[in-house]
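Student: next input, structure requested:
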Amino acid sequence: HYYTGQATILDAQGRCNECKFKPDDPNAHPPGDWENPVPVYFLAVKPGTTFSFPLAKRRADVADELLDLSREWLLGALCHLGTGAKTNAGYGAFKPIDAQVPKLPSQSRAVFETTLELVTPAFLAGANQQAEDCDLRSATMRGLLRWWWRTMHAGFLDVKTLRALEAAIWGDTNSGGAVRIELSQIKASPPALHSHPHEKRSGLRYVAYGMDEKSKGHRKQRYRLDPPAFWNLRLIARPTQFPNEADISQSKQQRVSLSAGRVLEQAKAALWLLCNYGGVGSKSRKGFGSLVAEQNDLTSLEDCQRIARNLRQHCSMDSTFSTTLAVSPSISDPDVQCTTISVGPTFPEEVLERIGRAYSAVASRFKHNADREGILQSPNKAAWGLPRKIHGPREDGPIRRKDGSYVQNSKTWRPPEWLDFPKRPLNVTPANARHASPIHIHVHKGSSGDFRVHLLA
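Tutor: Coordinates of the predicted model:
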């Protein structure tokens, strides 16, 4: 039956005061480092836009308490659930101008809140790649958390099961995710165009390659956000269900219930991995865009592995690690190596400079994909990321000076060669094949202000 309520919202969509729109791109990071994201742009209302939602009694004899209750429910829905598309990625979140945010019902939601601090400069961008886009977006954070979450389970589950479990936690095209992300900037300096150091052999210049370049006579510079910068991150988890693949053969498929607390554990573990081994924005695997979370009760990689194992056991699908199942990166791969290098109290740019000089020295040692010191018999520079070209660089022979002499040795010159890798799609040439480096360099800032470099490969 249909019953008319005692209160009504006069305009169900709300009234927007001076609405302004901007193009946005909510793309998630693909599971494989060799896959290219496909941008999907849409228009979004700019943050800071004010909406009015008029409420009224349906009749004069309706009690005031019912109108107050309706207002509280509406505020709760707008503030905790959001409105419009992509709400789980943080879009459509509201906050009241002249009222307090209603508390979430504790029995249906689990909440984790922390402050994120930017440790090293970040090359952030949106659809326009302008100064106004140079900010950490909730869609970016969600994509990164999702990527690091996969590393917790890859190698234990086949692709079909992993996708089903991922859909239960993070959602897919058929259902919404169980984790909602709210991200708001607390403090940040205005973004600035990045300029390479004048020194040609600068380490910072090396690791920031491509962020300040000339193409056909035009200089292209990326905007970067420098520390100090802070954001408030809020993770809201709800209960969900997982279709246990082991029960598919039964006449009625069994479903495993996942509590809000268990779901939140998964998101917190992914956040710990991001804030200890990952980064945000371009060049994040070379130390840029490193973040630190001020509040998180997890302390080690083993904690994240334990949380992942507990979820699989709860879903009755725990298994031993198998390299054949690890079609995407996994933190449990026996070949994974982690190390920490203490740098001490210094400046973020100095840490990146030292990282760049070390990176450059190793790259020079393995020039042309061979070890100049003769220690390693078969080094593979493809592990540093693709596309990557060795030899050359020109197709028509060694480089000449204006006087006709050779810059390169004409006897040892070899034509350029693009490095390849097994997972390259057949319809993509090695010159256009993408494979992000499996080497993650993260700059961590301790509570006392000292810096450490975390390496994961």
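Student: so, low pLDDT: which residues of the stretch 1-150 of the chain?
Tutor: 1-17, 26-32, 34, 105-107 (pLDDT under 70).
Student: now the strands for it?
Tutor: 7-9, 15-17, 21-24, 42-45, 50-52, 55-57, 110-118 (DSSP state E, counting those that start in this stretch).
Student: and among those, the most buried is which?
Tutor: Here the criterion is mean neighbour count by mean count of other CB atoms under 10 Å, and of those the winner is strand 110-118, at a mean of 19. Every residue, glycine included, has its C-beta placed from N, CA and C.
Student: who are the packing partners of that strand?
Tutor: Strand 110-118 sits against strand 229-237, helix 260-277, strand 291-293, with contacts defined as 3 or more CB pairs under 8 Å, 6 or more residues apart in numbering; DSSP states H and E.
Student: can I get the ones you listed in JSON lines with mean pLDDT, distance to residue 345 and mean neighbour count?
Tutor: Putting the helices and strands packed on strand 110-118 into JSON lines (pLDDT from 0 to 100; distance: least, CB to CB, whole Å; neighbours: other CB atoms under 10 Å) gives the following:
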{"stretch": "strand 229-237", "mean pLDDT": "96", "distance to residue 345": "20", "mean neighbour count": "20"}
{"stretch": "helix 260-277", "mean pLDDT": "97", "distance to residue 345": "20", "mean neighbour count": "23"}
{"stretch": "strand 291-293", "mean pLDDT": "97", "distance to residue 345": "15", "mean neighbour count": "22"}
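Student: for these, which one sits closest to residue 151?
Tutor: Using CB to CB as the criterion, the shortest distance between residue 151 and those is 6.8 Å, found for helix 260-277.
Student: about what we covered before: what's the closest of the helices and strands packed on strand 110-118 to residue 223?
Tutor: Taking CB to CB, strand 229-237 is the member of the helices and strands packed on strand 110-118 nearest to residue 223, at 13.1 Å.
Student: can I get the CA coordinates of that closest one in PDB?
Tutor: Extracted C-alpha coordinates of strand 229-237, given in PDB (Å, rounded to 0.1, in the frame of the first residue of the first chain):
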ATOM      1  CA  ALA A 229      49.200  19.800   2.600                       C
ATOM      2  CA  PHE A 230      46.600  18.000   4.700                       C
ATOM      3  CA  TRP A 231      43.300  16.300   3.900                       C
ATOM      4  CA  ASN A 232      40.600  14.700   6.100                       C
ATOM      5  CA  LEU A 233      39.800  11.200   5.000                       C
ATOM      6  CA  ARG A 234      36.700   9.400   6.100                       C
ATOM      7  CA  LEU A 235      35.900   5.800   5.200                       C
ATOM      8  CA  ILE A 236      32.300   4.600   5.800                       C
ATOM      9  CA  ALA A 237      31.700   0.900   5.500                       C
END
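Student: sort out which residues of the helix or strand that that strand is followed by are buried, please.
Tutor: The helix or strand immediately downstream of strand 229-237 is strand 240-243, counting by DSSP states H and E. In terms of neighbour count (16 or more other CB atoms under 10 Å), strand 240-243 has its buried residues at 240, 242-243.
Student: try stretch 72-85
Tutor: With burial defined by 16+ other CB under 10 Å, the residues of stretch 72-85 counted as buried are 74-75, 78-82.
Student: equivalent analysis for stretch 276-295, please.
Tutor: By neighbour count with 16+ other CB under 10 Å, stretch 276-295 contains the buried residues 276-293.
Student: in the protein, which spans are helices?
Tutor: Shown for the chain, the helices assigned by DSSP state H span residues 64-76, 138-153, 159-170, 203-207, 260-277, 301-314, 348-365.
Student: separation between residue 292 and residue 53?
Tutor: Between residue 292 and residue 53 the computed distance is 38 Å (CB to CB, to the nearest Å).
Student: repeat for residue 161
Tutor: In this structure, residue 161 lies at 43 Å from residue 53, with CB to CB as the measure.
Student: repeat for residue 196
Tutor: 50 Å.
Student: ok, back up a step: and the buried residues of strand 240-243 as CSV, adding pLDDT and distance to residue 268?
Tutor: Converted to CSV, these look like this (pLDDT from 0 to 100; distance: CB to CB, whole Å):
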residue, pLDDT, distance to residue 268
240, 94, 16
242, 91, 18
243, 79, 24
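Student: of all residues in this structure, which one is nearest the centre?
Tutor: Note on the chain: the residue nearest the mean C-alpha position is residue 144, at 2.1 Å, using CA atoms, centre = their mean.
Student: dump the helices of the chain to JSON lines, plus distance to residue 217.
Tutor: Putting the helices of the chain into JSON lines (distance: least, CB to CB, whole Å) gives the following:
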{"stretch": "helix 64-76", "distance to residue 217": "55"}
{"stretch": "helix 138-153", "distance to residue 217": "32"}
{"stretch": "helix 159-170", "distance to residue 217": "44"}
{"stretch": "helix 203-207", "distance to residue 217": "20"}
{"stretch": "helix 260-277", "distance to residue 217": "39"}
{"stretch": "helix 301-314", "distance to residue 217": "48"}
{"stretch": "helix 348-365", "distance to residue 217": "27"}
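Student: so for residue 387, which of these sits nearest?
Tutor: When these are compared by CB to CB, helix 348-365 sits nearest residue 387, at 15.2 Å.
Student: report the buried residues of the closest one.
Tutor: 348, 351-360.
Student: for it, packing partners?
Tutor: With contacts defined as 3+ CB pairs under 8 Å, 6+ apart, the secondary structure elements packing on helix 348-365 are helix 203-207, strand 440-445, strand 451-456.
Student: residues touching the shortest one, excluding its own?
Tutor: Read it as helix 203-207. Counting contacts by CB atoms under 8 Å, 6 or more residues apart in numbering, the residues outside helix 203-207 that touch it are 196-197, 199, 283, 286-288, 349, 352-360.
Student: redo that, cut-off 6 Å
Tutor: By CB atoms under 6 Å, 6 or more residues apart in numbering, the surrounding residues in contact with helix 203-207 are 196-197, 286, 352-353, 356-357, 359-360.
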